[in-house]
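Enquirer: Here is a sequence together with a model predicted from it:
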Amino acid sequence: MDLEKLLTDRLAPAFATAAGGPVDPVVRRSQRADFQSDAALALARRLGRPPRAIAAEVLDRADLTDLCSTAEVSGPGFLNLTIADRALTRLISTLATDPRLGVPAVADPETVVIDYSAPNVAKEMHVGHLPSTVIGDAAARLLEWLGHRVLRANHLGDWGTPFGMLIEHLVDLGEAEATRELSMGDLDSFYKAARVTFDADAAFRERSRLRVVALQGGDPATLRLWRLFVEQSERYFLTVYDLLDVTLSARDFHGESSYNDLLGPVVEELDQLGLLRESDGAACVFPPGSVGRDGEPLPLIVRKTDGGYGYPATDLAAIRHRTGTLGATRLLYVVGLPQRRHFEMVYAAAAQAGWLAPPARAEHVGFGSILGSDGRMLRSRAGESVKLVGLLEEAIARATALARERNPELGAAEATEVGRAVGIGAVKYTALSGDRHKDYVLDWERMLSLDGNTAPYLQYAYSRIQSIFRRAGVAARPEAGISLAEPAERALAFELVGFGRVVGEVAESLEFHHLAGYLYRLAAAFSAFYERCPVLRADGPVRESRLVLCDLTARVLRQGLYLLGIRTPERM
Ligand SMILES: NC(=[NH2+])NCCC[C@H](N)C(=O)O
């Protein structure tokens, strides 16, 4: 299905002969012909031959007859390739009857662990959790669709010193009252109240400290109280996931606490491997390749001076568990860029310990921060981080109002459905359509606009096609003959056959803005086609062929948006 690959496979042997060794023909979509290769230019310098002569020799040797209608040398030595109508028509016909839309399941499925979302227990989810939750979920949907075994790991922050203070505050309030407060989903005020007492009251601080010791020592009464926090928080997080339409469920919670029993053995094993060194009373690993600004090796602290284990030890235990026990070969960590150094060091240490050996590998899927439309960190009016649910509710309210305004014919129930799909879609698309290595800007106007690279634009394109079929009163017949006489039909066809290539690339890079950008180009190509090529007013075979193009576009849009976790209402 992948034309770049088909052409590459035909050209590569010819280039190899000319160059006396393997050469990437570098085939790309082009304005001048359908595709272009500029490999002869780079090769010319190396071979000391004129590029046009190399290009001509390659054309002479390569067998392109069934694929290209013309193949010619142009300019300083480009190869311009025009795809034969018959070849393109054949690809579209195949695509039309392919339930997987040109994206076969992988031949060698892997076990992939995706570590994502990971909010902290007894704290509110804020906008900073949005990219992790949304990108991680898109990765899970995509890799699962490709046939991999995906294990979602919601690495909750559910362990550690804050629980001493939280539990003591709960004891002071009384269990019934505390549970009532926590169940209202107002986690932050509970946390803040505990903090205020902690800062003001020395006796409370001492009780909190002892409580942490009791918790880590496995005291049953303390564990029971701790579990109340975890249960209330998990219940609350699940309501957020439901609202956000992500595929995380109760069985995906694998909080830091679940690695607690593995921490001792992990540190022990590091010691036996001779990887531990003491530094200021703490047990550390010095993974190769991590040096500070002063050129000194950086420590990864696995056991603190007070004997407690921290965040790095937990991540090492998690890697050992994921590769060793779960048998995963690909570990993804969808966590903000500020933790990049942490993960580099953890991976290096795990590799030294033999817990992360090829073919197993770990990738940090990092992302930037969420900014307001003023370009600064998004904050609430009180200067605090913005609650994620608050943001989602606002998105739904705005999108519902817009849906009513744009389409007064929608009934109340349908407008609510559409508002939810569009509002949530718009927010998620913002976290997926930008280069994740950069910061994101949340701008309501732009996000909800029907023009430009937005979720509503793509959803609208989809619903518009559905309305064509409602008016036509018939379904497309995938077995109908395809004709691609108009340039706009050809352009749309090229986008349609490109789906598989983009999906394959994104499964590797996890740069979802390439998938978003592709869907945007597809929707734009559809718009241009629909403007120039009447569908319902066309007759006979032309109408049939155009209906197939419409249907294929809708299916690719729906599947592509599904992979991004975005719904496609039938009407908007
Ligand atoms: N395996 C991990 N360390 N995952 C990321 C955890 C994120 C952490 N709970 C935080 O809020 O920063």
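Expert: Yep, that arrived. Source: prediction; values computed, not measured. Residues are numbered from 1 along each chain as shown.

Enquirer: Name the residues of the stretch 251-400 of the chain found near the ligand, please.
Expert: Within the stretch 251-400 of the chain, the positions near the ligand by CB under 6 Å from any ligand atom are 315, 318, 333, 335. C-beta coordinates here come from the backbone N, C-alpha and C atoms, glycine included.

Enquirer: Wasn't the last one part of a strand?
Expert: In this case it means residue 335. No - per DSSP: H, G, I helix; E, B strand; the rest coil, residue 335 lies outside any strand segment and is coil.

Enquirer: Touching, it and residue 114? I think so.
Expert: No - at 11.2 Å, residue 335 does not count as touching residue 114 under the criterion of CB atoms under 8 Å.

Enquirer: Of the two, which one has the most company?
Expert: residue 114 (27 against 22; other CB atoms under 10 Å).

Enquirer: still on that earlier bit, may I see the residues of the stretch 251-400 of the chain next to the ligand arranged in TSV, with distance to residue 166 as well?
Expert: Converted to TSV, those look like this (distance: CB to CB, whole Å):
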residue	distance to residue 166
315	23
318	23
333	26
335	24
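
Enquirer: so which of these comes closest to residue 388?
Expert: residue 335 (16.3 Å; CB to CB).

Enquirer: And stretch 106-116, end to end?
Expert: Stretch 106-116 has its terminal residues 23 Å apart, counting by CA to CA, to the nearest Å.

Enquirer: Just the mean pLDDT for that stretch, thanks.
Expert: Per-residue pLDDT over stretch 106-116 has a mean of 98.

Enquirer: Next one: it, is it in contact with the ligand?
Expert: Yes - using CB under 6 Å from any ligand atom, we find that stretch 106-116 touches the ligand at residue 115.

Enquirer: in that stretch, what counts as buried?
Expert: Residues of stretch 106-116 classed as buried: 110-116 (neighbour count, 16 or more other CB atoms under 10 Å).

Enquirer: just stretch 150-166 next, same as before
Expert: For stretch 150-166, by 16+ other CB under 10 Å, it's 150-160, 162-166.

Enquirer: cool, stretch 289-303 as well?
Expert: 290, 298-303.

Enquirer: tell me the least confident of the buried residues of stretch 150-166?
Expert: residue 160 (86).

Enquirer: Touching, that residue and residue 255? I think so.
Expert: No - look at residue 160 against residue 255 with CB under 8 Å: they stay out of range, at 10.6 Å.

Enquirer: Show me which residues of the protein sit near the ligand.
Expert: Counting by CB under 6 Å from any ligand atom, the chain comes close to the ligand at 115, 118, 120, 155, 157, 315, 318, 333, 335.

Enquirer: same thing but at 5 Å, please
Expert: Applying CB under 5 Å from any ligand atom, one finds that the chain approaches the ligand through 115, 118, 155, 157, 335.

Enquirer: Of those residues, which belong to strands?
Expert: Counting by DSSP state E, the residues of the chain next to the ligand place residue 115 in strands.

Enquirer: quick one: which of the buried residues of stretch 106-116 is nearest the ligand?
Expert: Checking the buried residues of stretch 106-116 against the ligand by CB to the nearest ligand atom gives residue 115 as the nearest, at 4.7 Å.

Enquirer: Contact partners for residue 532?
Expert: Residue 532 sits next to 486, 488 when contact means CB atoms under 8 Å, 6 or more residues apart in numbering.

Enquirer: For residue 148, see how far away it is.
Expert: Residue 532 is 40 Å from residue 148, where distance means CB to CB, to the nearest Å.

Enquirer: do residue 270 as well
Expert: Taking CB to CB, one finds residue 270 at 30 Å from residue 148.

Enquirer: Between the two, which has more neighbouring residues?
Expert: Legend: neighbour count by other CB under 10 Å for residue 270 and residue 148, higher for residue 270 (24 against 20).

Enquirer: now the strands for the stretch 251-400 of the chain?
Expert: 276-279, 282-285, 300-303, 330-333, 361-364, 370-371 (DSSP state E, counting those that start in this stretch).

Enquirer: what would the ones you listed look like in a markdown table with mean pLDDT?
Expert: A markdown table is the format used below for the strands of the stretch 251-400 of the chain (pLDDT from 0 to 100):
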| stretch | mean pLDDT |
| --- | --- |
| strand 276-279 | 94 |
| strand 282-285 | 95 |
| strand 300-303 | 95 |
| strand 330-333 | 98 |
| strand 361-364 | 98 |
| strand 370-371 | 92 |
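
Enquirer: Just name the most buried of those strands.
Expert: Scoring the strands of the stretch 251-400 of the chain by mean neighbour count under mean count of other CB atoms under 10 Å gives strand 330-333 as the most buried, with a mean of 24.

Enquirer: Tell me the gap between it and the middle of its chain.
Expert: Relative to its parent chain, strand 330-333 has a centroid offset of 12 Å by CA atoms, centre = their mean, to the nearest Å.

Enquirer: Mind listing the strands it pairs with, and their directions?
Expert: strand 111-115 (parallel), strand 361-364 (parallel) (DSSP bridges).

Enquirer: Dump the ones you listed to JSON lines, plus distance to residue 382.
Expert: Putting the strands paired with strand 330-333 into JSON lines (distance: least, CB to CB, whole Å) gives the following:
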{"stretch": "strand 111-115", "distance to residue 382": "31"}
{"stretch": "strand 361-364", "distance to residue 382": "32"}
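
Enquirer: Out of the ones you listed, flag the one nearest residue 263.
Expert: The nearest among the strands paired with strand 330-333, by CB to CB, is strand 111-115 at 17.4 Å.

Enquirer: after the closest one comes which helix or strand?
Expert: helix 129-145 (DSSP states H and E).

Enquirer: Sheet partners, orientation included, of the helix or strand just after that next one?
Expert: Where DSSP H and E defines the elements, the next helix or strand beyond helix 129-145 is strand 149-153. When pairs are called by DSSP bridges, strand 149-153 turns out to pair with strand 111-115 (parallel).

Enquirer: quick one: the strand it pairs with to helix 129-145, angle?
Expert: 170 degrees (axes from the mean of the first three to the mean of the last three CA atoms, to 10 degrees).

Enquirer: give the contact list for residue 374.
Expert: Neighbours of residue 374 in contact, by CB under 8 Å, 6+ apart: none.
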